[in-house]
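Asker: Predicted model and sequence below, questions to follow.
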Amino acid sequence: MTNFLTRDSIFIDRLLRAVASPEHGGTCLFIGTVRSGSDESAPVTDIEYSAYDEMVEVEMARIVDEVRSRWPVARVALQHRIGIVPLGQASIAVVAAAPHRDVAFQCCRYVIEEVKRRVPIWKKERHADGTAEWVDARTRTAIA
Amino acid sequence: MEATEGTIRVRLFARYAELLGRDTLTLTVTLPTTVADVVAQLRRTLPAAQALPERPLTAVNLRHVFPESPLSDGDELALLPPLAGG
């Protein structure tokens, strides 16, 4: 496994410790969790995440570097889970800490938006009726 | 520039890997060439690859690239289905 990917549950406390510092008065935590979806007739039971591991590692490191460059006072940490993630469990966690809350919020938002925009991870939603389909996040529709 | 032969390693993921029934393949190409050229070659030579979009999201050597980007011998070209991380 890489620094940024895990097949196990994400340990939020480890991420919080990674960014903690006496200088940081504000910490922002974002957790993305698997939800049941809008189709009540076939709720999502879990999501299977897959990734281009080597590029995830490089691209997430680039995102962290961009934060460091743009907000030198902040520190961020993140982890994405791959494999099967059950309903209600975290698929991604992003933590950002800074001296004050404004920068912490900005960094946290920047990281999650960039992850969604450019990190090569895919998800297949699996439903209670036994069906499964790949998700195109651009349109939030299932694709064949 | 004189044409030469080169080898490109193609990586497939998620839906694209399912469509082609494999996650890696090696293509012999005529250099110079571009990402778009190699995608077109793939779609021409593998029947299952015709289900791929003409201009999929692509990465070369772990970096997002445009279809016009050149390829060199030994490059790794990844065809990326629509991203859904986070």
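Answerer: Done, it's in. Numbers count the residues shown, from 1 in each chain, chains lettered A, B, ... in the order given.
Asker: From here on, just use CA atoms for contacts and neighbour counts.
Answerer: Noted.
Asker: which residues of chain B fall in strands?
Answerer: For chain B, the strands defined by DSSP state E cover B:4-12, B:24-31, B:33-34, B:57-60, B:63-65, B:70-71, B:76-80.
Asker: Tell me which other helices or strands the second one touches.
Answerer: Looking back up the chat, that one is strand B:24-31. When contacts are defined as 3 or more Cα pairs under 8 Å, 6 or more residues apart in numbering or on different chains; DSSP states H and E, strand B:24-31 sits against strand B:4-12.
Asker: what about the strand it packs on, near chain A?
Answerer: No - interface with chain A: strand B:4-12 contributes nothing (Cα under 8 Å from any Cα of the partner chain), its closest point being 8.9 Å away.
Asker: who does that strand pair up with?
Answerer: Here strand B:4-12 is paired, per DSSP bridges, with strand B:24-31 (antiparallel), strand B:76-80 (parallel).
Asker: who's in contact with it?
Answerer: B:22-32, B:72-80 (Cα atoms under 8 Å, 6 or more residues apart in numbering or on different chains).
Asker: Quick check: residue A:8 touching residue A:81?
Answerer: Yes - with contact defined as Cα atoms under 8 Å, residue A:8 reaches residue A:81; the gap is 6.8 Å.
Asker: about what we covered before: and the strands paired with strand B:4-12 as a markdown table, adding mean neighbour count and mean pLDDT?
Answerer: Compiled in a markdown table, these are given as follows (neighbours: other Cα atoms under 10 Å in any protein chain shown; pLDDT from 0 to 100):
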| stretch | mean neighbour count | mean pLDDT |
| --- | --- | --- |
| strand B:24-31 | 15 | 96 |
| strand B:76-80 | 23 | 98 |
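Asker: Out of these, flag the one nearest residue A:134.
Answerer: strand B:76-80 (12.8 Å; Cα to Cα).
Asker: Alpha carbons of the closest one, as PDB, please.
Answerer: Extracted in PDB, the C-alpha atoms of strand B:76-80 (Å, rounded to 0.1, in the frame of the first residue of the first chain):
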ATOM      1  CA  GLU B  76       3.400   4.000 -19.900                       C
ATOM      2  CA  LEU B  77       0.100   5.200 -21.300                       C
ATOM      3  CA  ALA B  78      -2.900   4.800 -19.000                       C
ATOM      4  CA  LEU B  79      -6.500   5.100 -20.200                       C
ATOM      5  CA  LEU B  80      -8.600   6.500 -17.400                       C
END
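Asker: more neighbours, residue A:8 and residue A:81?
Answerer: residue A:81 (25 against 13; other Cα atoms under 10 Å in any protein chain shown).
Asker: Bridge partners for that one, pull those for me.
Answerer: So, taking DSSP bridges as the rule, residue A:81 has residue A:6 as bridge partners.
Asker: Over to residue A:124?
Answerer: On the basis of DSSP bridges, residue A:124 is bridged to residue A:48, residue A:134.
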